[in-house]
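[1] Attaching a predicted model along with its sequence, questions to come.
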Amino acid sequence: MTTQAIPREPQQDRSRATRRRLLEAAVDCLASMGWAGTTVATVAERAGVSRGAAQHHFRTREELVTAAVEYGSEVRMAQMREHLDALADRRPSTLDVVALLGEMYTTPLFRAALQLWVAASSDEQLRARVLPLEARVGREAHRLTVEALGADESVPGVRETVQATLDLVRGLGLADLLTDDSARRTRLLRQWAATLDMALSAH
């Protein structure tokens, strides 16, 4: 009687899965415990891996949390693209787009990114890592918003109006950090969507 060997998960797949668990755990730690409470050891424990395994993937805390926020941002952008693709048979309303952006800036990822920004504001080495990441995420968010709104940025003022939309939802996300600001945020986003509709249709 022969026994069949159970196929083992390839090392590369295991390594990729471990890395993803570390990134997700780092986002959770940053969002719930802040920069000071997010250490490699804490993230490793939350991810269910050894500290040595964590440091095999990320040598420093700065490297880990920057990669985590980048990973989380890519996931959120992919989700936004999927949402827009699901509406491919019709252009989403301005309110749909503004509400979707509002959701993006009230997630644990936004809280994690905010903790990273605050830490980077007084840490030159960390800031050097965060600035290119923030610029890249900002460009992609802007591009997706333009696409979703069907906005024509060749028209004077439209680019600034789209950027003002992103700045608004980011500010509302900040206001939600300490208390549940959802009711006020909903009213403001509805009003801004109406204002944005008029601004875009005027061109």
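    Structure received. Numbering: from 1, shown residues only.
[2] doesn't L168 make contact with Y105?
    No: in terms of CB atoms under 8 Å, Y105 does not count as a neighbour of L168; the distance is 9.4 Å. Where C-beta positions appear, they are placed from N, C-alpha and C, glycine not excepted.
[3] neighbour-wise, which of the two wins?
    Relative neighbour count places Y105 above the other of Y105 and L168, with 23 against 18, counting by other CB atoms under 10 Å.
[4] How confident was the prediction at the residue lying closest to that one once chain neighbours are set aside?
    Distances taken as CB to CB, 6 or more residues apart in numbering put G173 closest to Y105, at 3.1 Å, once the chain neighbours are dropped. Each residue has a pLDDT score; the one for G173 is 90.
[5] can you pull the buried residues of the helix or strand harbouring G173?
    Secondary structure assignment for G173, by DSSP states H and E: helix 158-175. Neighbour-count burial for helix 158-175, counted by 16 or more other CB atoms under 10 Å, picks out 158, 161-162, 165-166, 168-170, 172-173.
[6] out of the residues you listed, who's nearest E124?
    Distance to E124 across the buried residues of helix 158-175 (CB to CB) is lowest for R170, with 23.5 Å.
[7] hmm, back to that, could you tell me the angle between whatever helix or strand comes next after the helix holding G173 and helix 158-175?
    Going down the chain from helix 158-175, the next helix or strand is helix 182-201, by DSSP H and E. What separates the directions of helix 182-201 and helix 158-175 is an angle of 180 degrees, with axes from the mean of the first three to the mean of the last three CA atoms, to 10 degrees.
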